[in-house]
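Visitor: coordinates only, sequence not included:
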């Protein structure tokens, strides 16, 4: 049975994330299970997490670490915790040069009730004997109330080195005995070549909800993902996933889930169910509700905000079968308001929600090289990571719902503006009597080289525009990005001008062609002035 109570305030921890203030909503059915909690802060995120009691003993340590990593959002949650637990406050000890002993701490308290914990201490003579023999000092466990017991010979040196009073942990004692830095373990890749340890870069996400920003990148190709996962945790290799939306992107993403040894149930809005996916092992459902019912996590990738909402709200839609314990990941490119509305409806059922729009077109989707931007329930981010590994080369956690949608619109706005500028330059080269092929080569050899310049420039030269990313969708994203600019009062003159060119290309009948067909709008303007 759990030693905690419903409504008790605790430190909650998810795998890979530091502690965060939370309130217990439900107790686990077994002692080994996680507690269902609500994280404190501006956004009331809920989920299953491991918990520990809030005590004066480690309050300062946890707050200091959390404030450094998570900034303002974390401190707001701490202040909320202090408002409901007035007996808990962050300690601000001062170092005393004249004292060689740690001050006697008060017994730790949980929600105002005294508790008994153990403190690590050691006998001075025993520590000396261990040091002389090259061994490590051992700890003696003493009840917190028995502070008149053995002395703490290392407390003074600990305070001198760290600037903090109190008893060091056994780990801290062990570190204080060693003056030599410990070398980092050698990291080898699959070919046996040394791979330097990645550098961690703290990022401030002051306006986000818990947990903090988490960024994960991987250079593992999609076709080898399942092998890597098997070597780490075989249970992750057979995820029960659903996929709704089998268009240009969705088909390739679902295929990569199948290639990575996952169980996949699919459904398509148009009614055309892809037999090639079925032949690869996909199970075909008759409705979104059936996809949810037969899956643990459902991914959706559709073309418009209206379509994204329809999949959720329609008869026999996602909402009908969604319940606690299931996750819904919307990978469509939509505005933040639509994403937040969908998230609220999913949360109302007890389910978990993550928005996860992708950056990349058909070829990266085929190769499992998409960039996946996520926001929402961090627990679902962890659970869906094996699927993200199969579909993309990097996935990012950006905090509260809406952040990923906004980030994706900005990325696509920049991409659309660049493609329009490239098309304009190609049109100018032609009118000036220059070789478009030569301009394309010059751009590729210089600082402006990119995969987009290579692919879109090549399409313009050939005059062929097979859709990797349809122009109508690019114009939709330009429109949504401009609306975001209006919402936050940010002028976007370059994007606005590019958007007019895409609208012109739509009028010329280029809606279903690739976005590089925006060149037709620039070329038509040159022809009309002759």
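Guide: All right, it came through fine. What you are looking at is a predicted structure, and each value in this text was computed from that prediction instead of being measured.
Visitor: how about residue 424, what does it touch?
Guide: Contact analysis of residue 424 by CB atoms under 8 Å, 6 or more residues apart in numbering lists 501, 522. For every residue, glycine as well, the C-beta is placed using N, CA and C.
Visitor: For it, give its distance to residue 79.
Guide: According to CB to CB, to the nearest Å, residue 424 and residue 79 sit 52 Å apart.
Visitor: and what of residue 62?
Guide: Applying CB to CB to residue 62 and residue 79 gives a distance of 14 Å.
Visitor: more crowded one of the two?
Guide: A direct count of neighbours by other CB atoms under 10 Å for residue 62 and residue 79 places residue 62 higher, at 21 against 12.
Visitor: dump the residue contacts of that one.
Guide: 11, 18, 19.
Visitor: one more time with 7 Å
Guide: For residue 62, the contact set (CB atoms under 7 Å, 6 or more residues apart in numbering) comprises 11, 19.
Visitor: Can you tell me the element it falls in?
Guide: Element membership of residue 62 [criterion: DSSP states H and E] is helix 56-84.
Visitor: Only the buried residues of that helix, if you could.
Guide: Residues of helix 56-84 classed as buried: 56-60, 62-63, 66, 69-71, 73-78, 80-82 (neighbour count, 16 or more other CB atoms under 10 Å).
Visitor: cool, stretch 350-364 as well?
Guide: Going by 16+ other CB under 10 Å, stretch 350-364 has these buried residues: 351-362, 364.
Visitor: Restricted to strands, list those.
Guide: 352, 353, 354, 355, 358, 359 (DSSP state E).
Visitor: so which helix or strand takes in residue 333?
Guide: Going by DSSP H and E, residue 333 is not in any helix or strand.
Visitor: and the closest residue to it other than its chain neighbours, what does it touch?
Guide: Among residues not flanking residue 333 along the chain, residue 357 sits closest, at 4.7 Å (CB to CB, 6 or more residues apart in numbering). Residue 357 is in contact with 331, 332, 333, 373, 404, 405, 408, counting by CB under 7 Å, 6+ apart.
Visitor: And residue 363, by the same measure?
Guide: In this structure, residue 363 makes contact with residue 468, judged by CB under 7 Å, 6+ apart.
Visitor: Next, find the distance separating it from residue 443.
Guide: In terms of CB to CB, residue 363 sits 19 Å off from residue 443.
Visitor: Ok, residue 88 next?
Guide: 60 Å.
Visitor: quick one: residue 483 is in a helix?
Guide: Yes. Assessed with DSSP: H, G, I helix; E, B strand; the rest coil, residue 483 lies in a helix.
Visitor: pLDDT score for it?
Guide: We have a pLDDT of 95 for residue 483.
Visitor: Let me see the contact set for the closest residue to it other than its chain neighbours.
Guide: Counting by CB to CB, 6+ apart, residue 335 is the residue found nearest to residue 483 once chain neighbours are left out, at 6.8 Å. Residue 335 makes contact with 305, 405, 480, 483 under the criterion CB under 7 Å, 6+ apart.
Visitor: if we can go back for a sec, can you name the two of the contacts of residue 357 that sit furthest apart?
Guide: Within those, two members stand farthest from each other by CB to CB: 332 and 373, at 12.0 Å.
Visitor: And the two? Which one has more around it.
Guide: Neighbours were counted for residue 332 and for residue 373 using other CB under 10 Å; residue 332 has more, 28 against 25.
Visitor: How about the contacts made by the closest residue to residue 512 other than its chain neighbours?
Guide: Distances taken as CB to CB, 6+ apart put residue 470 closest to residue 512, at 5.6 Å, once the chain neighbours are dropped. Contacts here follow CB under 7 Å, 6+ apart; on that basis residue 470 touches 511, 512, 514.
Visitor: what's around residue 399, how many residues?
Guide: Quick note: residue 399 (other CB under 10 Å) scores 23 neighbours.
Visitor: ok, back up a step: mark which of the contacts of residue 357 are part of strands, please.
Guide: Filtering these for strands - DSSP E - leaves residue 373.
Visitor: Using JSON lines, lay out the contacts of residue 357 together with distance to residue 40.
Guide: Output for those, formatted as JSON lines (distance: CB to CB, whole Å):
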{"residue": "331", "distance to residue 40": "29"}
{"residue": "332", "distance to residue 40": "31"}
{"residue": "333", "distance to residue 40": "32"}
{"residue": "373", "distance to residue 40": "26"}
{"residue": "404", "distance to residue 40": "23"}
{"residue": "405", "distance to residue 40": "25"}
{"residue": "408", "distance to residue 40": "29"}
